[in-house]
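1. this one's sequence-less:
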């Protein structure tokens, strides 16, 4: 397990993400969509959560989940992602990121991003929210892989009572109960990749703690992308959830309180 937490600087020259995404980025058909032409849908909830749900992502028991900043992407300028507005400043964290995500998708895992984006704060229709939407849509287009994206935008129990911000698991629960077609996630076949592992140079251990709280395996970007950790999970066969597991997810969905259900319906959540 030691190599899962070893930190290395990503190699230079990682390929970038195009800045040509649609400005609104709320329904950009070039950034995804199913065979019927449906586009990814962006939704904001409770002043503390943003979700990108792609209808091209079929319900799947096997999930390859990733952090965004300093895991899938870094910046050319070296500035933190929350301070960058120019999409062409965002580049892949390493040259192997795109091929790895395409491989895990081709082998039967759903690609899902869970991120904290505190710079958005409560202005879910403001400038920072727009940058995040355009950035993720451009990333999906560059990869050519359907993906869901979920992020917490507030910090603390008072501003984020539903626990959308990592290491809390509200975003994962929302994905599984609302965006995965009633399919229970196979935690043994799923995993999370993130840079915040609690190492000396890390800003926190929130990614490692998120994976632990969800109950999936954890990889650092170094272990997964640079040391070919992803090759060890590609061969795992796709498994279908048991009827009992499916019923468990359905029960969790039904148990959402009436206030939450009203919010979901009012804001157009799938």
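-> Right, received. Where do you want to start? Predicted model only: the values in this text are computed from it and were never measured. Numbering: from 1, shown residues only.
2. Next, residue 141: secondary structure please.
-> Following DSSP: H, G, I helix; E, B strand; the rest coil, we place residue 141 in the helix state.
3. Just the pLDDT at it, thanks.
-> On the pLDDT scale, residue 141 is placed at 95.
4. in stretch 70-86, what's buried?
-> Using 16 or more other CB atoms under 10 Å as the test for burial, stretch 70-86 gives 70-75, 81, 84. Where C-beta positions appear, they are placed from N, C-alpha and C, glycine not excepted.
5. which ones are touching residue 82?
-> Counting by CB atoms under 8 Å, 6 or more residues apart in numbering, residue 82 touches 69, 117-119, 128.
6. ditto for residue 160
-> 48, 152, 154, 168, 170.
7. okay, the residues you listed in TSV with pLDDT and neighbour count next?
-> Converted to TSV, the contacts of residue 160 look like this (pLDDT from 0 to 100; neighbours: other CB atoms under 10 Å):
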residue	pLDDT	neighbour count
48	92	24
152	95	24
154	92	22
168	97	18
170	97	19
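8. re the thing from before, what two of the contacts of residue 82 are the furthest from one another?
-> Taking CB to CB as the measure, these span a maximum distance of 13.2 Å, between 69 and 128.
9. can you count the residues close to residue 217?
-> Using other CB atoms under 10 Å, residue 217 has 18 other residues around it.
10. now swap in the one 4 residues further on and tell me
-> Residue crowding around residue 221 was assessed by other CB under 10 Å; the count is 28.
11. cool, and the one 5 residues further on?
-> In terms of burial, residue 226 registers 18 neighbours under the definition other CB under 10 Å.
12. Go ahead and confirm it touches residue 97.
-> No - contact criterion CB atoms under 8 Å: residue 226 and residue 97 do not qualify, at 10.1 Å.
13. how about residue 111, what does it touch?
-> Residues near residue 111 by CB under 8 Å, 6+ apart: 57, 64, 66, 101, 104-105, 145-148.
14. do that again at 10 Å, thanks
-> When contacts are counted by CB atoms under 10 Å, 6 or more residues apart in numbering, residue 111 touches 54, 57, 60, 63-66, 72, 101-102, 104-105, 140, 143, 145-149.
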